[in-house]
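A.B. asks: no FASTA, just this:
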């Protein structure tokens, strides 16, 4: 076998490897970059609840028990707290229920936000 034929065979083998790698890349990347659908959680859901200035500690603790929340961070400057959901409730239903609480100004998912 001549040197040019051997080189051509190696190039074709390399081209096959590149095509296979590209195919695997196209199959794997969408799976890795697909966000969880509403209601599906890959990690414990975290929510931020902002309270009315008139909310007392007893009222806040009662809300935490009622909605099975575990505080992970206190944000006193914003009169807010970050919680992890400890129950098996749906995230969207919990947010809706928390927002309806009279002592809550708002409740939202704790997530990264980027501004372009």
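C.D. replies: All right, it came through fine. This structure is a prediction, so every number in the text was calculated from the model and none was measured.
A.B. asks: OK, contacts around the nearest residue to residue 80 once chain neighbours are set aside?
C.D. replies: Nearest residue to residue 80 in three dimensions, chain neighbours excluded: residue 50, at 4.2 Å (CB to CB, 6 or more residues apart in numbering). For every residue, glycine as well, the C-beta is placed using N, CA and C. Neighbouring residues of residue 50 by CB atoms under 8 Å, 6 or more residues apart in numbering: 78-80, 104-107.
A.B. asks: With respect to residue 6, which of these is nearest?
C.D. replies: If you rank the contacts of residue 50 by distance to residue 6 using CB to CB, residue 107 comes first, at 67.9 Å.
A.B. asks: Surely the closest one is in a strand?
C.D. replies: Yes - assigned with DSSP: H, G, I helix; E, B strand; the rest coil, residue 107 falls within a strand.
A.B. asks: Taking the contacts of residue 50, please make a PyMOL selection of just the buried ones.
C.D. replies: To isolate the buried ones among the contacts of residue 50 in PyMOL, judged by 16 or more other CB atoms under 10 Å, type:
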select buried, resi 80+104+107
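A.B. asks: Next, format the contacts of residue 50 as a markdown table and append pLDDT and distance to residue 67.
C.D. replies: Putting the contacts of residue 50 into a markdown table (pLDDT from 0 to 100; distance: CB to CB, whole Å) gives the following:
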| residue | pLDDT | distance to residue 67 |
| --- | --- | --- |
| 78 | 91 | 19 |
| 79 | 93 | 18 |
| 80 | 95 | 15 |
| 104 | 96 | 10 |
| 105 | 95 | 16 |
| 106 | 94 | 14 |
| 107 | 94 | 9 |
